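Q: Generate a structure from the sequence data that follows.
(2 chains)
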Amino acid sequence: MGSLKIEIKNNDLRPDVSIVHFDGALDSASVTTINRNFNKLFEGKRLYTIADMSKVTHISSAAVGELMGCRQVLTEKGGDLVIAGLNLDVKTKMNQLGATKIFKFHNDLRTAMNAYSWQIEQKPEKVWISFPPELNFVPPVRQFVSRITRQKGYGQRDSFRIETIVDEACNNAVEHGVPDKARDIELFLKIDRSKLEIEVVNLSDPEKINSLKAISKSILGTEEKKFERGRGLALIKMLSNDLAIDFSGKGTTVHVTKLREE
Amino acid sequence: MESQIDLEYEDIKGQKNAKSVRFIGDLDATNVETVLEKICNLFSEGFINIVADFKKLRYVNSTGLGILLHFSKSAKEKGGSFKIANVNENVYEIIEIIGATSLLEIYDDVEEAVSALQ
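A: I've put the predicted structure just below:
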């Protein structure tokens, strides 16, 4: 019989979250210990539970069954039980027992906490990307953003539209910006479950700023027209839910809001 | 890094001055010049009727669309045509938003586009 230690820790900043640290082998004999510890959790208010299993050396089918039962109770009370930090052997065993269909797995505690913030607290995640003002940097940037949105559960169509918005905004930033490799273009993303906010900031080229202002005035107007110039901005406007362009200061800031539709 | 795009050519049976061109990849600001050169070469060689198969064209942006409009205009000026087939719904949406559906000749599939050459 292997030894098992279970320790429950709380984070003062997360009043809904419990972290259960397992250390050792979760064999058949450990079921009673697991049950006793989770019974304490069921009586409290910290019902979103992260099982830190980074120090688990073995897991039996009986222990997996017990954890499934614990998760059932937690979900019925409005919480959840997710698993973090499994080593490959233990994860393979849990996979063979069908546990991967029941539990959400995270690579580590930090990822599990981030998932909690995203899913339960619905807090947005922020991404900042900085790249030189050259066209060749734009495709990997737009594809990276598209992959983020897919990973966050946005649909294929939304992700394609977001890829287009980012592409057009970044291309404009390159085209109308100062071609100084030392002055990066900055892309800020704020993504939550319902919308994505995109901000592209560049250092404007004084010689091009007036033509950009004229194009944006035309695009942001309400009349319908065939766009010979400024097709990129027209696309952004049509694909997004809000578009604002700020020419104040030395730079140009394009701010786009895209609501999730799928 | 330039976006990946490959063009594959195929003769069209019974049409000496026509070529079918498969677009494979993404068409954007980083590779429009390459595509422009290749299609203009076809025009120069006398292939004034082009059927562009977009089945494997994943992505097009406003710059790419601009070049497609240019091909359509150039082909017409030479007495030919630039027809597009198999457009996926994402790419079609971009074409539609720009208001180019009436400017480009778009067909459901290559067979239909080839038939329209007759």
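
Q: May I ask you to name the longest helix in chain B?
A: Counting by DSSP state H, the longest helix found in chain B is helix B:62-77.

Q: What sits closest to A:T149 if chain neighbours are left out?
A: In space, and not counting its chain neighbours, A:T149 is closest to A:S159: 4.6 Å by Cβ to Cβ, 6 or more residues apart in numbering or on different chains. Placement of C-beta: from N, CA and C, glycine included.

Q: got the contact list for the one you found?
A: A:S146, A:T149, A:R150 (Cβ atoms under 8 Å, 6 or more residues apart in numbering or on different chains).

Q: Next, give phi and psi for the second one.
A: Which is A:T149. In terms of degrees, to the nearest 10, the main-chain angles of A:T149 are phi -60, psi -40.

Q: That one: neighbour count?
A: The local packing of A:T149 (other Cβ atoms under 10 Å in any protein chain shown) involves 23 other residues.

Q: Quick check, it in contact with A:L196.
A: Yes. The pair A:T149 and A:L196 passes the contact test of Cβ atoms under 8 Å, sitting 6.5 Å apart.

Q: Now the common contact residues for the two.
A: With Cβ under 8 Å, 6+ apart as the test, A:T149 and A:L196 both reach A:I162.

Q: And for the strand ranked longest in chain A, what's in contact with it?
A: Secondary structure of chain A per DSSP state E: the longest strand is strand A:48-59. Outside strand A:48-59, the residues that touch it by Cβ under 8 Å, 6+ apart are A:2, A:16-27, A:41, A:67, A:70, A:74, A:79-87, A:89-90, A:93-94, A:106, A:108-109, A:112-113, A:116, A:120.

Q: Turn the buried ones among those into a named PyMOL selection, would you?
A: Applied in PyMOL, the following selects the buried portion of the contacts of strand A:48-59 according to 16 or more other Cβ atoms under 10 Å in any protein chain shown:
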select buried, chain A and resi 17+18+19+20+21+22+24+25+26+27+41+67+70+74+79+80+81+82+83+84+85+86+90+93+94+106+112+113+116
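
Q: what about the helix or strand harbouring A:K5, distance to the chain center?
A: Assigned by DSSP states H and E, A:K5 falls within strand A:4-10. Centroid displacement of strand A:4-10 relative to its chain, using Cα atoms, centre = their mean, to the nearest Å, is 28 Å.

Q: Next, the angle from that strand to strand A:48-59.
A: For strand A:4-10 against strand A:48-59, the angle by axes from the mean of the first three to the mean of the last three Cα atoms, to 10 degrees is 160 degrees.

Q: what comes up buried for strand A:4-10?
A: Here strand A:4-10 shows A:L4, A:I6 as buried, counting by 16+ other Cβ under 10 Å.

Q: what are the pairing partners of it, and which direction each?
A: Using DSSP bridges, strand A:4-10 pairs in its sheet with strand A:17-26 (antiparallel).

Q: just to revisit the earlier point, which one of the contacts of A:S159 is nearest to A:W128?
A: Nearest to A:W128, judged by Cβ to Cβ, of the contacts of A:S159 is A:T149 at 16.0 Å.

Q: And that closest one, how close does it get to A:D158?
A: 7 Å (Cβ to Cβ, to the nearest Å).

Q: After the host helix or strand of B:V35, which helix or strand is next? Please name it.
A: For B:V35, the enclosing helix or strand under DSSP H and E is helix B:32-44. Using DSSP H and E, the next helix or strand after helix B:32-44 towards the C-terminus is strand B:49-60.

Q: end to end, how far does stretch B:107-117 reach?
A: Using Cα to Cα, to the nearest Å, the end-to-end distance of stretch B:107-117 comes to 12 Å.

Q: How about stretch A:8-17?
A: End-to-end distance for stretch A:8-17: 11 Å, by Cα to Cα.

Q: avg pLDDT for it?
A: The predicted model assigns stretch A:8-17 a mean pLDDT of 82.

Q: So for the chain, the centremost residue is which one?
A: In the absence of a named chain, chain A is used. Geometric centre of chain A, nearest residue: A:K152, 5.0 Å, by Cα atoms, centre = their mean.

Q: Chain B was what I was after
A: B:A52 (3.8 Å).

Q: Any figure for the gap between it and B:S3?
A: Distance of B:A52 to B:S3, computed by Cβ to Cβ: 17 Å.

Q: Then A:N87?
A: 40 Å.

Q: One more: B:T30?
A: 5 Å.

Q: Give me the common contacts of those two.
A: In contact with both B:T30 and B:S3: A:P139, using Cβ under 8 Å, 6+ apart.

Q: Does anything pack onto the one helix or strand B:K83 maps to? Which helices or strands?
A: Under the criterion of DSSP H and E, B:K83 resides in strand B:81-85. Counting contacts by 3 or more Cβ pairs under 8 Å, 6 or more residues apart in numbering or on different chains; DSSP states H and E, strand B:81-85 packs against strand B:49-60, helix B:62-77, strand B:105-107, helix B:110-115.

Q: Go through those and pick out the most buried.
A: strand B:49-60 (a mean of 22; mean count of other Cβ atoms under 10 Å in any protein chain shown).

Q: Give me the pLDDT for the residue of chain A found nearest chain B.
A: Nearest residue of chain A to chain B (Cβ to the nearest Cβ) works out as A:R231 at 3.7 Å. On pLDDT, A:R231 comes in at 85.
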